[in-house]
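Peer 1: here are the coordinates; sequence isn't available:
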DNA sequence: GCATGATACGAGCTTTTACTCAGGTTCAGT
DNA sequence: ACTGAACCTGAGTAAAAGCTCGTATCATGC
């Protein structure tokens, strides 16, 4: 199950008619559902093809190998998360810092509420996880966070902004990520967002956050 | 690679002579090294046997199946982490709260510094990870943390102690866990411990932590 | 209608891998 | 030295899973 690299990953045919585009979508959707339900262990190409209602041969007409199918899944997932990232562009400075932090956290929460099971599997998958998508995704997010921190330098008491960005990002990601499967209700209700916001603001500014901003009720509607 | 459950997991012979005890140790050590290096994907019984310098038959004389070998690895790892957990018994109250928090974090750091790669793989392994070892391990730790929080109720500003315990534990575990592979130097120097301590104390007490206690230099010696 | 390329099928080939078993080697007690 | 138990060996088995390829069907332009 480990190494299989005989012929180079030949680029496969790209769908040109509507029929085949639908086929590819069905394959990807089936793959997502299988991954989300059975984890990487139950993720077999034969199984995916069957669940998609197509034959194995069809699957391999569009994906040169199993890994590329997983890759496409990851690519789409990353895209879905990244759009909307501009929420945390360093707004001129009119918003209170706590509000900016909260907005960022809500963005992460929203991303995890779309398809928690799939998100979990994808970020825990050894072959490509961590080293490919989580890294590049982290880079873009890191840039944003650092920019915001720099813009608010005066309000932040932590000396090392780089370390601060690292610690806060990992903490938020992990807490939200785990809560998506362990404390879904707290995640949806916004209680967890409150706590994490409090934690970050307290850490960064040195003052307790009063939580004077209203929680975003729209979160309850998704997923 | 998924299901294989034909005959019930027959209990295997237990080593009685020194020779066989050494064999078993060699197998376990080889398994640990292979897991740490190649992840669960490269973890095959044949490979383990070869690396341990024994035949595949010998391996199966002491472990009824692959899963049991992994289980033994996890059992030992958990034991190694759990001893020393009494560091965070709710000390009467003479220590400043920040010092207690720091001691707890240092304990987590120490655990991750023993064999970071193996620790990482073990906690990310789907079959048993998260649901088995991390869960039961988490239970014991959770109990300790909650006890400490309850004992220090007066100093804590967060209303929901249960949620507070959840958030802090996940945050610490994740930050330290990731830092073990991404920011090892900060982990060893204690800089990361400083930051995390600051974060937790700020969050829990509502006041910025001055970091007036001396960092534990002993961490540099391990691993 | 028909030709041609796109799309789909699925039996089966090949590799990988968990695991067995028949038989050989070493050790401990006498 | 002898015997029986403990220990070890590694070729072999079987099942799972990735992937191929020859064949069949559909869609579109002429």
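Peer 2: Looks like it arrived, so ask away. All values derive from a computational prediction rather than experimental measurement. Numbering: from 1, shown residues only, chains lettered A, B, ... in the order given.

Peer 1: Now chain A against chain B: closest residue?
Peer 2: Nearest residue of chain A to chain B, counting by Cβ to the nearest Cβ: residue A:174, 2.9 Å away. No exception for glycine: its C-beta is placed from N, CA and C like everyone else's.

Peer 1: Look up how far residue B:142 lies from residue A:40.
Peer 2: Computed with Cβ to Cβ, to the nearest Å, the distance linking residue A:40 and residue B:142 is 28 Å.

Peer 1: Tell me where chain A is predicted with low confidence.
Peer 2: Filtered on pLDDT under 70, chain A yields the residue ranges A:1-16, A:87-93, A:126-137, A:209-223.

Peer 1: What segments of it are helices?
Peer 2: Assigned helices in chain A, in chain order: A:18-38, A:45-52, A:56-62, A:66-82, A:97-114, A:116-124, A:133-151, A:161-182, A:184-189, A:191-205 (criterion: DSSP state H).

Peer 1: picking up where we left off before, residue B:170 is in contact with the residue of chain A closest to chain B, correct?
Peer 2: Yes: between residue A:174 and residue B:170 there is a contact at 5.4 Å, judged by Cβ atoms under 8 Å.

Peer 1: What's the local residue count around the residue of chain A found nearest DNA strand C?
Peer 2: With Cβ to the nearest atom of the strand as the measure, the residue in chain A that lies nearest DNA strand C is residue A:57; the distance is 1.6 Å. The number of residues packed near residue A:57 is 8, by other Cβ atoms under 10 Å in any protein chain shown.

Peer 1: Please apply the same query to residue A:44.
Peer 2: For residue A:44, the tally of surrounding residues (other Cβ under 10 Å) stands at 14.

Peer 1: Got the phi and psi for it?
Peer 2: Per-residue torsions, residue A:44: phi -120, psi 150 (degrees, to the nearest 10).

Peer 1: that older thread, export the helices of chain A as a markdown table, with columns for distance to residue B:199.
Peer 2: Output for the helices of chain A, formatted as a markdown table (distance: least, Cβ to Cβ, whole Å):
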| stretch | distance to residue B:199 |
| --- | --- |
| helix A:18-38 | 32 |
| helix A:45-52 | 42 |
| helix A:56-62 | 47 |
| helix A:66-82 | 25 |
| helix A:97-114 | 13 |
| helix A:116-124 | 23 |
| helix A:133-151 | 14 |
| helix A:161-182 | 7 |
| helix A:184-189 | 20 |
| helix A:191-205 | 4 |
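
Peer 1: hey, which of those helices is tucked in deepest?
Peer 2: Of all these, helix A:191-205 has the most neighbours on average by mean count of other Cβ atoms under 10 Å in any protein chain shown, namely a mean of 24.

Peer 1: Once you drop chain neighbours, what's closest to the most centrally placed residue in chain A?
Peer 2: With distances taken as Cα atoms, centre = their mean, chain A has residue A:81 as the residue nearest its mean C-alpha position (5.2 Å). Nearest residue to residue A:81, sequence neighbours excluded (Cβ to Cβ, 6 or more residues apart in numbering or on different chains): residue A:111, at 4.6 Å.

Peer 1: And the one you found, how close does it get to residue A:105?
Peer 2: Using Cβ to Cβ, one obtains 11 Å as the distance from residue A:111 to residue A:105.

Peer 1: check contacts around the spatially closest residue to residue A:205 that is not a sequence neighbour.
Peer 2: When the adjacent residues along the chain are set aside, residue A:205 lies closest to residue A:155, with 5.5 Å between them (Cβ to Cβ, 6+ apart). Contacts for residue A:155 were tallied using Cβ atoms under 8 Å, 6 or more residues apart in numbering or on different chains; they are A:97, A:204-205.

Peer 1: And residue A:155, how far from residue A:204?
Peer 2: Between residue A:155 and residue A:204 the computed distance is 8 Å (Cβ to Cβ).

Peer 1: what do these two both touch?
Peer 2: With contacts taken as Cβ under 8 Å, 6+ apart, residue A:155 and residue A:204 have residue A:97 as neighbours in common.

Peer 1: I figured residue A:39 hits residue A:121, correct?
Peer 2: Yes: the pair residue A:39 and residue A:121 passes the contact test of Cβ under 8 Å, sitting 5.5 Å apart.

Peer 1: circling back: with the contacts of residue A:155 in mind, which one is nearest to residue B:46?
Peer 2: residue A:204 (51.4 Å; Cβ to Cβ).

Peer 1: for the closest one, what are its contacts?
Peer 2: For residue A:204, the contacting residues are A:97, A:101, A:149, A:155-158, A:164, A:168, taking Cβ under 8 Å, 6+ apart as the criterion.

Peer 1: now those residues as JSON lines including distance to residue B:65?
Peer 2: As requested, those are arranged in JSON lines below (distance: Cβ to Cβ, whole Å):
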{"residue": "A:97", "distance to residue B:65": "55"}
{"residue": "A:101", "distance to residue B:65": "49"}
{"residue": "A:149", "distance to residue B:65": "50"}
{"residue": "A:155", "distance to residue B:65": "57"}
{"residue": "A:156", "distance to residue B:65": "53"}
{"residue": "A:157", "distance to residue B:65": "54"}
{"residue": "A:158", "distance to residue B:65": "50"}
{"residue": "A:164", "distance to residue B:65": "47"}
{"residue": "A:168", "distance to residue B:65": "43"}
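
Peer 1: Please list which of those also come close to DNA strand D.
Peer 2: For DNA strand D, no contacts are drawn from these by Cβ under 7 Å from any atom of the strand.

Peer 1: which among these gets closest to residue A:198?
Peer 2: Looking across those and measuring by Cβ to Cβ, the closest to residue A:198 is residue A:101, at 9.6 Å.

Peer 1: tell me the contacts of that closest one?
Peer 2: For residue A:101, the contact set (Cβ under 8 Å, 6+ apart) comprises A:197, A:200-201, A:204.

Peer 1: Give me the nearest residue to it, chain neighbours excluded.
Peer 2: With Cβ to Cβ, 6+ apart as the criterion, residue A:101 has its nearest non-adjacent residue at 5.2 Å, and that residue is residue A:200.

Peer 1: gap between the one you found and residue B:202?
Peer 2: The separation that residue A:200 has from residue B:202, given Cβ to Cβ, amounts to 9 Å.

Peer 1: ok, now residue A:151?
Peer 2: 21 Å.

Peer 1: just residue A:74 next, same as before
Peer 2: In this structure, residue A:74 lies at 36 Å from residue B:202, with Cβ to Cβ as the measure.

Peer 1: same deal with residue A:122?
Peer 2: Look at residue A:122 and residue B:202: by Cβ to Cβ, they are 32 Å apart.
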